[in-house]
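1. Sequence and predicted model, in that order:
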Amino acid sequence: MWGKIAWRLFWRELSRGELWVIAFSLFLAVLTVVSLSGITESVRSALYQRSANFVAADKILRSSVGFNEQVQQQATALELKSSRQVQFNSMLFAKDLMQLVSVKAVSATYPLRGELKLSSSVTDATVAASLQPNQLYLESRLYSLLDIQVGDSLELGEKVFTAAGVIVAEPDAPLSVFGSSPRVLMHLDDVAVDFPDMPIILAHPSFPWQEEALAVAQHKPNVYIDLSGWSPKYFPPILVRYANSILKHRMLFGSDWPMITPERWLNDFEKLDIKPDVRPLILKENAAKLLGLS
């Protein structure tokens, strides 16, 4: 009996149309929630996949101190791809004109993610090119600022380079609402390999780029490291290890007086775990040979 009454009331309300509105509203609400969930997941997945392109790698290692040597060893053991880059500001000269620029020197494996697009034509971005030693690729506005064309010579530091083209797309280019110095891209090997006869002294224990300094000195025989500016008791273990072995002929004494007196530096150096045969090399013989005094 009660079932029949309920059924009649249901059909009466259904025939009036109000239940259809409620049912449609519920259906629309469920559909909206499901759709938004799907869209959110798709956006999250896309951002996750593309975020690596924004920084040119899956993982970036930066630190205010030198990286643990085991990190690179583990990366090599795991067959992980790696890339190095060095960034600095410098003056770029083109005949009588000059411009402060932001220089990025990258290794051949850059970028690990994303796409670096270079063009050998200022007006046609479709003319593809690749980064080579002794070449500079410039942000397009530099060509008008320095009144140059592709193929012209440019001076950066003490080296003459060729303006090879323009940077069309750079995956990890910085974004600044206030503007920034025009960007220049160069090959990392140009930093030292182009000056094989010029001694290069890396001042201080290279904080926070200790591993990078040791790697450059190991690979380039014209690069030395002076040990000034830090008390020897604060030297990182990897620096002591290299000074005792493969770079013992490339380490130079220095105190950074008056910040650190020679007496204090020598006293702390005496307590450092340096081999007896290496001490005279660091304190005198390496510098004498470098300066042509021996």
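-> Everything's here; your move.

2. For E212, see how far away E79 is.
-> 22 Å (C-beta to C-beta, to the nearest Å). Heads up, the C-betas are built off the backbone N, CA and C, glycines and all.

3. Which one's more surrounded, those two?
-> Between E79 and E212, counting by other C-beta atoms under 10 Å, E212 is the more crowded of the two (15 against 6).

4. you'd agree the more buried one is in a helix?
-> Yes: counting by DSSP: H, G, I helix; E, B strand; the rest coil, E212 is part of a helix.

5. That one contacts R84, doesn't it?
-> Yes: the criterion here is C-beta atoms under 8 Å, and E212 meets it with R84 at 7.4 Å.

6. pLDDT weak spots in this structure?
-> Applying pLDDT under 70 to the chain flags the ranges 1-21, 23-24, 42-56, 62-70, 72-73, 76, 175-179, 191-197, 206-207, 294.

7. Break it into its domains for me.
-> Split into domains by automatic domain parsing, the chain comes to 2-52, 77-191, 200-290.

8. could you redo those domains as a markdown table and give each row distance to I60?
-> Output for the domains of the chain, formatted as a markdown table (distance: least, C-beta to C-beta, whole Å):
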| stretch | distance to I60 |
| --- | --- |
| domain 2-52 | 10 |
| domain 77-191 | 9 |
| domain 200-290 | 14 |
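
9. Of those domains, give the one that comes closest to V71.
-> domain 200-290 (9.0 Å; C-beta to C-beta).

10. Quick one: distance of the closest one to the chain centre.
-> In terms of C-alpha atoms, centre = their mean, to the nearest Å, the centre of domain 200-290 is found 26 Å from the chain centre.

11. hey, where'd the helices end up in the protein?
-> Per DSSP state H, the chain carries helices over the ranges 2-16, 18-55, 69-77, 141-145, 210-219, 237-243, 262-270, 279-280, 286-290.

12. can you give me the end-to-end distance of stretch 116-124?
-> End-to-end span of stretch 116-124 (C-alpha to C-alpha, to the nearest Å): 16 Å.

13. And it, what's buried?
-> 116, 118-120, 122 (16 or more other C-beta atoms under 10 Å).

14. same thing with stretch 75-93?
-> Quick answer for stretch 75-93 (16+ other C-beta under 10 Å): 83, 92-93.

15. what do you get for stretch 131-145?
-> For stretch 131-145, a neighbour-count test (16+ other C-beta under 10 Å) marks 131, 135-140, 142-143, 145 as buried.

16. Let's have the buried residues of stretch 75-93 in TSV, adding distance to N267.
-> Output for those, formatted as TSV (distance: C-beta to C-beta, whole Å):
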residue	distance to N267
S83	42
L92	45
F93	46
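
17. from those, which ones fall inside strands?
-> Applying DSSP state E to these, the entries found in strands are 92-93.

18. can you tell me which of the buried residues of stretch 75-93 lies nearest to I246?
-> For the buried residues of stretch 75-93, the minimum distance to I246 (C-beta to C-beta) is 23.9 Å, reached by S83.

19. how about that closest one, phi and psi?
-> phi -140, psi 150 (degrees, to the nearest 10).

20. Can you give me the distance of the nearest residue to K284 once chain neighbours are set aside to S181?
-> What sits nearest to K284 in space, not counting adjacent residues and going by C-beta to C-beta, 6 or more residues apart in numbering, is F253, at 7.3 Å. Distance, F253 to S181, by C-beta to C-beta: 37 Å.

21. And for G292?
-> Distance from G292 to S181, counting by C-beta to C-beta: 39 Å.

22. So for the two, which sits in the more crowded spot?
-> A side-by-side neighbour count of G292 and S181, using other C-beta under 10 Å, places S181 first with 16 against 6.
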